[in-house]
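Engineer: Sequence and predicted structure below; questions after.
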Amino acid sequence: MNDSLEVEADARETIDTGECFARFLNVQKSYDGVELVVKGFNLDIQQGEFVTLLGPSGSGKTTCLMMMAGFETPTHGEILLKGEPISGLPPHKRGIGMVFQNYALFPHMTVAENLAFPLEVRHLSKAETRKKVDHALAMVRLEEFGDRRPAQLSGGQQQRVALARALVFEPELVLMDEPLGALDKNLREEMQYEIKRIHASLGVTMIYVTHDQTEALTMSDRIAVFNDGIVQQLATPETLYEEPENAFVAYFIGENNRLQGEVVEHIGDDCQVRLDSGEIVLAKAVAAGGVGARTTLSLRPERVTILLDDSPPFDNCFEGEVKEVIYLGDHLRTRLTVCGNDEFILKTPNAKGHPSLRPGQTIKVGWSSKDCRALDA
Amino acid sequence: MSESPSSPLTTADGVPLKVSLRRAVRRSKIKAFLLVSPLLLFLVIAFVMPIFDMLWRSVDNPEVSAGLTRTVEALEGWDRQSLPDEPVFAALAADLLEGQEARNLGLLSSRLNYEQSGMRSAITRTARGLRTMEPPYKEALIDAHARWGDLDTWKLIEREATPLTISYYLMALDRRLTPDGEIVRAPENQRIHVNLFWRTFWMSAVITGLTLLLGYPIAFLLSNLPLRHSNLLMILVLLPFWTSLLVRTTTWIAILQSQGVLNDVMVAVGVIADEARWQMIHNKTGTIVAMTHILLPFMILPLYSVMKTIPPSYMRAARSLGGRPFLCFRRIYFPLTIPGIAAGGILVFILSIGYYITPALVGGQSGRFITNYIAYHMQTSLNWGLAAAIASILLFVVIIFYLVFNRLIGVDKVKLG
């Protein structure tokens, strides 16, 4: 009996340290004592995970990152790193690498000196410092640039130096505060892959803050969608996109057709909703209230199909009038009036044999009740 | 229309592009010049011309050649080994007589007196008996004043007959020309200027250091506080600019004098005895305290303008990389503020070595600056040549500092807000 208890206790400990590398426990933050910027934030991060805090500006995501780094103190709650509370620990003792939005490279030092700084303050020998700096430069493919000043580098190169500097002292956790915000689109995509590659090869844990949903979807293992100081949904990119749990997440991630209505009847996992324009829609009841409650139906534009005469029937079929067709190369965006909503978007791949649509034309569209999610109002 | 590639570009109607462009920008150039011209004119009249006048006065030497025209002419070809001959003495008598009648012997006698004290009385006394003097003049003049029998007097007259002189600069540096043209140090009791120059420089350096010490934290606070608070602090920093310089200086007298506020408080508290009140004004302490206060904004503003451009993320990055707060300051923040320190330092130092009112009011005897001697020579001793020479030396020092600063830091780094 005693033995098995000990084994159990051991197992729990390994689970604690193994599964929860970093942990936000009911963290609250207020700057002015009147309003809470972060309202009860809970997050468990596992070793080696890439977690993104995604949200509009002012949603509290950067504040959470700053609390983890030690530049802000939580007003309430605790932050644990490897099981140890770190609220009392000053930033320089946390051993957390950080990449800032403006890179924060020291302008009076060369790239190599910038990279050597965290090693110098750790009193590493000259030879070892040199070795690690060279290694870090090679990792971000900037071997030739060690003697340059940051101002002599392009934005993307500066970004890579900042990344190398945050990694050169081999921290177990790296925080990134909108690191790609200042780059143009192509470079940003390139850097996304670069960061992803480095993350995969080093196995460090990364917490990434961004307001760019594409960036979050491309890079993360898990995404915490922030709004108004609380996490709206914490899930993998796929779940977040396919199965948003509330109207905000559905609206914030990807494009989304919204139909407002009232719940009429629950049928198993589904529910019937009477739209404000009178039509009855069958939808999956995700976060809809009881009968009579207001609800928002969320429907991805690419999950709506144009019905031809020989198409198999959907459980939701409606007529729509084409308002506008926008040619986007690989796909077409069609704006329709469906069920009284004239902002109804339909995305169709630009494939052979697809019916060509003209404004004014009336067509039939349909969607499955599985793709139509009844969320909170 | 086909054009050979080498022919100059032309506009559609065939006018060369350069000519056309010049014509187009001429109007705006003229307009710009007209806008600047009032200030330009003012600067030329009130700044450039006085400076050149001062530089000219520091070497101009018309008194001897104008006042002793005949003597100088007669001295040509003199062997410098023995007293000149009768014609020279006759010429001197004629020159002095003419000078006395025109009542302009004063300029000449002062000028020669700067070089050789006693020359003023020699000339005035000789001139008094000139009317009744009979030839041979050599004996008569030497009779009237023994100076004329001294070889050095004649060497002096010959030397100072040149239109330009360096003797004002030598005087300003406590040096002197011997009759034989060697540069020697002035007698010990007459050496004042070099000491004053050094005092001006080291006290200015101390004042600069103190303003840096006091201003650095304030500038740091100013650049890091939220705007609402930093505006208030900025007003406090600029407040001295809105108060008369004279008021601020005299306030320090009220505070620091023996019967002043500070001494009274310390006596009342019992820190010092009533008989042992501290002498803090009308000496070096007074000058340093008052000038540090007055020049402080000139240190704070350039520092602030530099610190404002340093993003707080630099320090945060340094901290997150593992640097202790002081190390981060020393390695990251401080080096980035060096342009501000240099700009504020050079500004305060240059303003300080040229300061006049404050040292004059609170400096007493020991806290005076070289500028107070420029004023003395301008107003009391009326030796404008010497005043100009001292001022020119100050100007050269400032220019040297400026050039060094520009080479090391770059003048374009100096901003005041």
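Structural biologist: Arrived safely.
Engineer: all strands of the stretch 201-350 of chain A, in order?
Structural biologist: Using DSSP state E, counting those that start in this stretch, the strands of the stretch 201-350 of chain A run over A:205-210, A:222-227, A:230-235, A:257-267, A:270-275, A:280-285, A:294-299, A:305-307, A:316-327, A:331-338, A:341-349.
Engineer: could you list every residue that touches the closest residue to A:Val225 other than its chain neighbours?
Structural biologist: In space, and not counting its chain neighbours, A:Val225 is closest to A:Gln232: 4.6 Å by Cβ to Cβ, 6 or more residues apart in numbering or on different chains. Where C-beta positions appear, they are placed from N, C-alpha and C, glycine not excepted. Counting by Cβ atoms under 8 Å, 6 or more residues apart in numbering or on different chains, A:Gln232 makes contact with A:Val225, A:Phe226, A:Glu245, A:Asn246, A:Phe248, A:Val249, A:Phe252.
Engineer: from the middle of its chain, how far away would stretch B:84-92 be?
Structural biologist: Between the centre of stretch B:84-92 and the centre of its host chain there is 43 Å, according to Cα atoms, centre = their mean, to the nearest Å.
Engineer: Ok, stretch A:171-180 next?
Structural biologist: Its chain's C-alpha centre lies 14 Å from the corresponding centre of stretch A:171-180 when counted by Cα atoms, centre = their mean.
Engineer: And for stretch A:231-243?
Structural biologist: Averaging C-alpha coordinates over stretch A:231-243 and over its chain gives two centres that are 8 Å apart (Cα atoms, centre = their mean).
Engineer: Go through that stretch and flag the buried ones.
Structural biologist: Neighbour counts over stretch A:231-243 (16 or more other Cβ atoms under 10 Å in any protein chain shown) mark A:Val231, A:Gln232, A:Gln233, A:Leu234, A:Ala235, A:Pro237, A:Leu240, A:Tyr241 as buried.
Engineer: How about the stretch 101-250 of chain B: which residue is closest to chain A?
Structural biologist: Closest approach of the stretch 101-250 of chain B to chain A (Cβ to the nearest Cβ) occurs at B:Pro226, with a separation of 10.7 Å.
Engineer: For that residue, report the pLDDT, please.
Structural biologist: The model reports B:Pro226 with a pLDDT of 87.
Engineer: could I get the strands of the stretch 201-350 of chain A as TSV with mean pLDDT?
Structural biologist: Compiled in TSV, those are given as follows (pLDDT from 0 to 100):
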stretch	mean pLDDT
strand A:205-210	94
strand A:222-227	92
strand A:230-235	90
strand A:257-267	89
strand A:270-275	89
strand A:280-285	88
strand A:294-299	90
strand A:305-307	85
strand A:316-327	88
strand A:331-338	89
strand A:341-349	87
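Engineer: of all these, which lies closest to B:Ile374?
Structural biologist: strand A:205-210 (63.1 Å; Cβ to Cβ).
Engineer: and the closest one, anywhere near chain B?
Structural biologist: No. Residues of strand A:205-210 are not located near chain B by Cβ under 8 Å from any Cβ of the partner chain, the shortest gap being 12.8 Å.
Engineer: which other residues reach that strand?
Structural biologist: Contacts for strand A:205-210 (Cβ under 8 Å, 6+ apart): A:21-22, A:45-54, A:61-62, A:64-65, A:68, A:172-181, A:195, A:199, A:216, A:219-220.
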